[in-house]
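A.B. asks: based on what follows, work out the 3D shape:
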Amino acid sequence: MKKEVQRENVHTGTSFDDFLEEEGIKNEIESAAIKRVLAWQFEQAMAKQQKTKQGMAKELKTSRSQLDRLLDPANTGVSLETLTRAANVLGKRLVFEIRDQVPAKKARVGVKGKAAA
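C.D. replies: Take a look at the predicted model:
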């Protein structure tokens, strides 16, 4: 029988969210992450429906360069109106909601003052 060895958790301290907040970049990082997901979802829907960028831009009544900005994961300056119009062209809808922030988990103190997992 193999005996399980308990290891001390060396990853103690603040959460990643705490770190981002301390650095003053949490909102920026969250915005970028949301935009990356949206851009990926638009590209997936376009591929599934076999829509080209040129065809999508034509249906949106916009330029191809404007569509490229919409699909650029790093461009967080796209308006909600543009996102909504693009979703509608793909037969989709955007769903936004505001949720309470979940407080960061604090490290629990275990035996002899060491942080527990």
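A.B. asks: output the longest helix belonging to this protein.
C.D. replies: helix 26-48 (DSSP state H).
A.B. asks: identify all contacting residues around it.
C.D. replies: Contacts with helix 26-48, where a contact means C-beta atoms under 8 Å, 6 or more residues apart in numbering, come from 17, 20, 51-53, 56, 70-76, 78, 83, 86-87, 90, 92. All C-beta spots, glycine's among them, are computed from the backbone N, C-alpha and C.
A.B. asks: now that helix, how far from the chain's geometric center?
C.D. replies: Centre-to-centre, helix 26-48 and its host chain are 6 Å apart (C-alpha atoms, centre = their mean, to the nearest Å).
A.B. asks: flag every buried residue along it.
C.D. replies: Of the residues in helix 26-48, 35, 38, 39, 42, 45, 46 count as buried by neighbour count, 16 or more other C-beta atoms under 10 Å.
A.B. asks: which parts of the protein are helices?
C.D. replies: Along the chain, the stretches classed as helices by DSSP H are 16-23, 26-48, 53-60, 64-71, 80-89.
A.B. asks: one step back: list only buried entries from the contacts of helix 26-48.
C.D. replies: Buried by 16+ other C-beta under 10 Å: 17, 20, 51, 56, 70, 71, 78, 83, 86, 87, 90, out of the contacts of helix 26-48.
A.B. asks: and the contacts of stretch 65-83?
C.D. replies: Applying C-beta under 8 Å, 6+ apart, the contact partners of stretch 65-83 are 31-32, 35-36, 38-40, 42-43, 53, 56-57, 60, 86, 94, 96.
A.B. asks: swap in 10 Å and give it another go.
C.D. replies: 28, 30-40, 42-43, 46, 53-60, 62-63, 85-86, 94, 96 (C-beta atoms under 10 Å, 6 or more residues apart in numbering).
A.B. asks: give me the pLDDT for residue 110.
C.D. replies: We note a pLDDT of 54 for residue 110 in this prediction.
A.B. asks: revised request: answer the last question for residue 51.
C.D. replies: For residue 51, the model assigns a pLDDT of 97.
A.B. asks: next up, the contacts around it.
C.D. replies: Contacts of residue 51 (C-beta under 10 Å, 6+ apart): 42, 43, 45, 57, 58, 59, 89, 90.
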